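Peer 1: Predicted model and sequence below, questions to follow.
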Amino acid sequence: MSQPTATASSFTVTCPGCGQKLRFALAPDMPARLRIQCYSCRMVFAVRRPGTEATQHSLSAEPPTLIGMPVPAVRTGPDEATSPLPSRDGLTTVNPTRRQAEHPTFTAGDMIAQRYRVARFIARGGMGEVYEADDLELRERIALKTVRSEGAGDALAVERFRREIQLARKVTHPNVCRIFDVSHHRPDGDASSGVIFLTMELLVGETLAERLRRGGSLQPAEALPIARQVADALHAAHQVGVVHRDLKPGNVMLVEGRGTLRAVVTDFGLARLESGSEDQQGLALTSAGVVGTPAYLAPEQVEGKEITPAVDVYAFGIVLYEMLTGTVPFLGDTALSTAVKRLQQPPPSPRAQVPGLDQRWEAAILRCLAREPSARFATAPAAIAAIDAISRDTAPENRRPAQVPPVSPAAAPATQPQTGRSQERRAFRQRRGVQTACLAALVLVSLGVGWLRYSQWRTRQMEPERRLALLTERITPRRAVAVLGFKNLSGTPGTEWLSSGLAEMLSTELGTGGKLRVIAGENVARTKLELGLGNVDSLARDTLARLRAQLGTDAVVLGSYTTIDGPSGRQIRLDLRLQDASRGETTATVAETGTEAQLFDLVSRIGKRLRRELKVDEEGEAKEVRAALPANTEATRLYSEGVNKLRSFDPVGARDLLVQAVSADPNSALAHSGLSAAWSALGYDGKARDEAKAANDLAAGLSQEERLLIQGRYLETIQDWSHAAEIYWTLWS
């Protein structure tokens with residue numbers, strides 16, 4: 001937390017519970033030590049007044065409590081003067097600071113990106129503004145979130161904004177807020193004056209934090225359904241390697257619908273892939289100091305240690321604690337002391353706040369808040385399973401009926417003959433024996449039926465594995481090659497496209513004949529982004545090992561190119577390295593020179609030399625390579641730049657370039673297929689289907705793999721899932 005900043009009559013401080021900035025007006029006679037109650041989350045914490053030194057007297061005296069009012073993220077006018085109100089019962093209150101409201105960027109009725117019509121302004125936050133809008137293409141109501149104008153020029157803020165979309169898209173679950181797309185609004189056609197925004201699911205309701213502030217703590221029966229849904233959302237994120245890192249009641253939306261309450265986890269702006277996923281970009285974006293809300297940080301976050309799903313389990317425990325008690329377990333004088341307290345003392349029992357709380361609730365919460373990550377529950381649903389046993393045990397149908405004590409022989413009527421009692425006992429034993437036999441037979445039948453059903457289910461589950469095993473026996477694995485792209489050493493304007501263009505052309509060349517398995521360019525681009533790799537001349541052994549682990553590649557092709565303008569046209573020199581990913585060493589270097597007009601011949605010569613180095617027969621047909629590539633250099637440039645934009649999560653820029661590529665070469669199947677992917681990313685399903693059909697109709701001259709890939713994508717657009725699955729199975733095999 002930043003230190004309080006003082007003026008003549010006021011100071012601001014950050015709440016350690018919710019992160020809200022608070023402002024207070026001070027009287028000259030106020031003591032050095034103050035207690036502050038956050039207006040937003042009601043947390044009470046202590047601070048020392050700026051410009052004063054703490055004394056023994058001031059620390060021993062009971063400090064007054066001030067109510068802190070939130071400071072808006074943006075101020076456009078001067079603050080009005082404030083003054084303390086009279087003290088009442090030892091509680092000093094302050095009038096809220098009034099500010100001139102800033103007008104939203106958009107108003108109702110405005111059109112954004114020629115597709116979204118603003119319905120109303122919802123709220124303004126730290127990153128930007130949120131609006132309710134109509135998607136005119138899909139005819140549905142969505143939420144639209146913008147980047148603030150001052151943040152749009154901050155590359156780190158924009159990249160974090162994009163990252164929120166990338167990570168949230170990895171998690172598909174009903175209890176996770178769905179992110180649809182990211183785009184730009186350029187009203188004047190000028191990129192510098194545009195607005196970056198994302199579209200997302202519109203959630204109508206209140207946050208869990210607002211619910212707790214409005215109604216206080218929840219009863220266990222109320223808290224359990226919400227907790228179960230939050231746990232399921234966290235588990236879905238952890239299964240794809242995403243750690244939220246900032247779970248708190250303010251990031252849980254409660255949405256009413258069809259008589260049930262739906263809890264939705266939002267805000268993946270601080271999320272990152274867990275450590276084992278090699279998320280170097282996530283580290284760069286989110287590792288600048290301790291990130292997250294101090295009151296909900298796990299001990300390992302405070303210490304800067306490895307981030308695993310256990311940090312979300314810890315935060316989940318604090319959320320459970322707060323739902324049941326109305327407060328958080330650790331509170332300090334400052335945000336830093338609040339975060340550090342969990343390193344110095346065990347969490348207080350929630351039963352100290354709620355004496356009647358079931359012991360198993362207490363045990364589950366305290367296990368979530370264990371100091372060591374290994375001592376916590378492995379998953380959030382495991383904590384719910386431990387708690388859920390309470391509701392099953394207390395259900396009316398599970399309560400045991402009161403047992404009637406048996407009548408002792410001494411209490412039996414004295415007139416009953418002894419022989420009658422013996423006969424009665426024998427009859428009772430016979431009935432008990434018959435009942436036991438029937439019960440045993442019923443159990444055996446149930447076990448038999450259960451085993452039969454399990455065997456049938458297991459057979460169905462094993463069918464894909466058997467099919468895969470049989471297929472694997474018949475398959476001889478091909479050697480895999482990844483073309484990473486090339487470094488531009490010339491710096492000549494207008495030649496940047498050659499890096500991705502040459503990589504696409506060389507990948508097609510190497511894949512000709514089917515002797516090599518060429519890693520898809522989309523997978524290569526995603527892996528380079530995750531590992532933080534640019535275009536380099538060579539890679540170290542450890543980086544090659546990570547590439548091999550993530551891409552399954554045996555060899556890597558990379559290098560550089562130089563362009564020189566001469567009387568006969570632009571000359572291109574291409575210097576390549578072939579590196580063995582398993583051994584971590586360079587096995588060959590290849591250099592070729594040619595003109596830009598003879599680019600296809602240059603790539604063909606390079607491809608033949610590389611296949612020779614990879615010990616692959618040169619049986620590829622040149623006609624397949626020429627059919628796959630656009631007909632001219634200009635179309636190749638536009639296609640390469642468009643595909644590069646698409647892989648960089650800029651579908652608008654990709655669409656514009658690929659439209660030009662299709663115009664330059666209407667018979668290019670790959671250009672139509674790329675344009676289909678761009679339209680699909682923008683939500684234009686009809687246009688995506690038309691371009692996919694055009695690509696499928698033009699794919700006759702391509703290699704078998706490219707034909708199958710284009711056919712599979714077309715079947716997806718017409719929602720023929722069964723045939724698409726067969727196509728992709730054939731591609732995999």
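Peer 2: Okay, I see it.

Peer 1: lowest average confidence, helix or strand, in the protein?
Peer 2: Sorting the helices and strands of the chain by mean pLDDT, DSSP states H and E puts helix 280-286 at the bottom, at a mean of 36.

Peer 1: ok, then the element right after it?
Peer 2: helix 299-303 (DSSP states H and E).

Peer 1: Packing partners of the next helix or strand after that following helix?
Peer 2: Proceeding N to C from helix 299-303, the next assigned helix or strand is helix 310-325, under DSSP H and E. Under the contact criterion of 3 or more CB pairs under 8 Å, 6 or more residues apart in numbering; DSSP states H and E, helix 310-325 touches helix 208-215, helix 220-239, helix 299-303, helix 359-368, helix 380-393. Where you see a C-beta, it was placed from the backbone N, CA and C, and this is true even at glycine.

Peer 1: who's in contact with the residue lying closest to residue 106 once chain neighbours are set aside?
Peer 2: Taking CB to CB, 6 or more residues apart in numbering, and ignoring the residues beside it in sequence, residue 106 has residue 118 as its nearest neighbour in space, at 4.8 Å. For residue 118, the contacting residues are 106, 107, 108, 109, 110, 111, 112, 131, 132, 133, 144, by CB atoms under 8 Å, 6 or more residues apart in numbering.

Peer 1: Make JSON lines from the helices and strands packed on helix 310-325 and add mean pLDDT, mean neighbour count and distance to residue 657 to it.
Peer 2: Output for these, formatted as JSON lines (pLDDT from 0 to 100; neighbours: other CB atoms under 10 Å; distance: least, CB to CB, whole Å):
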{"stretch": "helix 208-215", "mean pLDDT": "89", "mean neighbour count": "17", "distance to residue 657": "44"}
{"stretch": "helix 220-239", "mean pLDDT": "93", "mean neighbour count": "20", "distance to residue 657": "34"}
{"stretch": "helix 299-303", "mean pLDDT": "86", "mean neighbour count": "18", "distance to residue 657": "42"}
{"stretch": "helix 359-368", "mean pLDDT": "93", "mean neighbour count": "19", "distance to residue 657": "50"}
{"stretch": "helix 380-393", "mean pLDDT": "79", "mean neighbour count": "17", "distance to residue 657": "43"}
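
Peer 1: Nearest to residue 554, out of those?
Peer 2: helix 220-239 (29.1 Å; CB to CB).

Peer 1: what does the closest one contact?
Peer 2: By CB under 8 Å, 6+ apart, helix 220-239 touches 170-173, 175-176, 208, 218, 243-244, 247, 252, 254, 261-265, 271, 274, 309, 312-313, 316, 319-320, 323-324, 357-358, 361, 379-381, 383-384, 387-388, 390-391.

Peer 1: Can I have the buried ones of these as a ChimeraX selection?
Peer 2: To isolate the buried members of those in ChimeraX, using 16 or more other CB atoms under 10 Å:
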select :170,171,173,175,176,208,218,243,244,247,252,254,262,263,264,265,271,274,309,312,313,316,319,320,323,324,357,358,361,379,380,383,384,387,388,390
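
Peer 1: Which strands border the host helix or strand of residue 559, and is each parallel or antiparallel?
Peer 2: Secondary structure from DSSP H and E places residue 559 in strand 555-566. Strand 555-566 has its sheet partners listed here by DSSP bridges as strand 479-488 (parallel), strand 569-580 (antiparallel).

Peer 1: So which residues make contact with the last one?
Peer 2: To tie it back to what came earlier, the one meant is strand 569-580. With CB under 8 Å, 6+ apart, strand 569-580 has contacts from 486, 498, 502, 537-539, 544, 554-565, 585-597, 599, 602, 606, 610, 613-614.

Peer 1: Now list the buried members of the residues you listed.
Peer 2: 486, 498, 502, 539, 544, 554-563, 588, 590, 592, 594, 596, 599, 602, 606, 610, 613-614.

Peer 1: just to revisit the earlier point, looking at the helices and strands packed on helix 310-325, which is nearest to residue 708?
Peer 2: Per CB to CB, nearest to residue 708 of these: helix 220-239, 29.4 Å.

Peer 1: next structured bit after the closest one?
Peer 2: Scanning forward in sequence from helix 220-239 by DSSP H and E, the next helix or strand is strand 242-243.

Peer 1: which helices and strands does that following strand pack with?
Peer 2: Judged by 3+ CB pairs under 8 Å, 6+ apart, the packing partners of strand 242-243 are strand 272-273.

Peer 1: What distance do you get for residue 595 to residue 571?
Peer 2: Taking CB to CB, to the nearest Å as the measure, residue 595 falls 6 Å from residue 571.

Peer 1: got it, and residue 554?
Peer 2: Distance from residue 554 to residue 571, counting by CB to CB: 33 Å.

Peer 1: cool, residue 563 as well?
Peer 2: 7 Å.

Peer 1: shared neighbours, the two?
Peer 2: Joint contacts of residue 563 and residue 571 (CB under 8 Å, 6+ apart) are residue 596.

Peer 1: tell me which element the nearest residue to residue 117 once chain neighbours are set aside is part of?
Peer 2: Of all residues not flanking residue 117 in the chain, residue 134 sits nearest, at 4.7 Å (CB to CB, 6+ apart). Taking DSSP H and E as the criterion, residue 134 maps to strand 129-135.

Peer 1: Sheet partners, orientation included, of that strand?
Peer 2: Applying DSSP bridges, one finds strand 129-135 paired with strand 116-124 (antiparallel), strand 140-146 (antiparallel).

Peer 1: Of these, flag the one that's most buried.
Peer 2: strand 140-146 (a mean of 19; mean count of other CB atoms under 10 Å).

Peer 1: that older thread, using a markdown table, lay out the strands paired with strand 129-135 together with distance to residue 35.
Peer 2: Below are these laid out as a markdown table (distance: least, CB to CB, whole Å):
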| stretch | distance to residue 35 |
| --- | --- |
| strand 116-124 | 29 |
| strand 140-146 | 36 |
